[in-house]
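*Asks:* Please find the sequence and the predicted model below.
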Amino acid sequence: MTESLYPASTPEIANMKKDLAPAQYEAFRNFSRAVFAEGALPEKTKQLIAVAVAHVTQCPYCITGHTKLAASKGASPEEIMEAIWVAAEMRAGGATAHSTIALHTLIADTHDADGKAGD
């Protein structure tokens, strides 16, 4: 398959974003620079966090960009993959935790079907 599901992020698209909402564009860029600047967490760590979050939010542009940035900040392929596995566990953990809702629903429905008060 040669066609991508997501269109390429090009300089022309970036310029459109900037031209159509310059104040917001610049505010977002400044916020991004501040967030990823060296601080209590090193830049490499912040980029590894971003790689993991990008996988949870499933943003292909963020996955590509932050993977490249993490590598440029010294993250090894092994560290990047471990960050991705952390994201996978957290996403699966959310589904597992939310199964409590389904189980409570089943219990309540069973009690209602038996003529007993649901909890």
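*Replies:* Everything's here; your move. Predicted, not measured: the structure shown is a model, and the values here were computed from it.
*Asks:* check contacts around P11.
*Replies:* P11 makes no contacts at all, as judged by C-beta atoms under 8 Å, 6 or more residues apart in numbering. All C-beta atoms are positioned from the backbone trio N, CA, C, and that covers glycine.
*Asks:* Torsion angles phi and psi at it?
*Replies:* phi -60, psi -30 (degrees, to the nearest 10).
*Asks:* Name the helix or strand of the protein that has the lowest mean pLDDT.
*Replies:* helix 77-113 (a mean of 93; mean pLDDT, DSSP states H and E).
*Asks:* roughly how far is that one from the heart of the chain?
*Replies:* Centroid separation between helix 77-113 and its chain, computed with C-alpha atoms, centre = their mean, to the nearest Å, is 16 Å.
*Asks:* With stretch 17-28 instead?
*Replies:* So, by C-alpha atoms, centre = their mean, the centroid of stretch 17-28 is 22 Å from its chain's centroid.
*Asks:* For that stretch, the averaged confidence score.
*Replies:* For stretch 17-28, the mean per-residue pLDDT is 97.
*Asks:* circling back: what is the least confident helix or strand of the chain packed up against?
*Replies:* helix 43-57, helix 60-72 (3 or more C-beta pairs under 8 Å, 6 or more residues apart in numbering; DSSP states H and E).
*Asks:* Not counting its own residues, what contacts the longest one?
*Replies:* By that I understand helix 43-57. 35-37, 41, 62-63, 66-67, 69-70, 73-75, 79-80, 83-84, 86-88, 90-91.
*Asks:* thinking again about what came up before, which of the helices and strands packed on helix 77-113 sits most buried?
*Replies:* helix 43-57 (a mean of 20; mean count of other C-beta atoms under 10 Å).
*Asks:* For that one, C-alpha coordinates in CSV please.
*Replies:* Extracted C-alpha coordinates of helix 43-57, given in CSV (Å, rounded to 0.1, in the frame of the first residue of the first chain):
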residue,chain,number,x,y,z
GLU,A,43,15.3,16.7,27.7
LYS,A,44,15.9,13.0,26.9
THR,A,45,13.5,11.9,29.6
LYS,A,46,10.8,14.4,28.5
GLN,A,47,11.1,13.1,24.9
LEU,A,48,10.8,9.5,26.1
ILE,A,49,7.6,10.5,28.0
ALA,A,50,6.4,12.1,24.8
VAL,A,51,7.0,9.0,22.8
ALA,A,52,5.0,7.0,25.2
VAL,A,53,2.1,9.5,25.4
ALA,A,54,2.1,9.8,21.6
HIS,A,55,1.5,6.0,21.4
VAL,A,56,-1.3,6.2,23.9
THR,A,57,-2.9,9.2,22.0
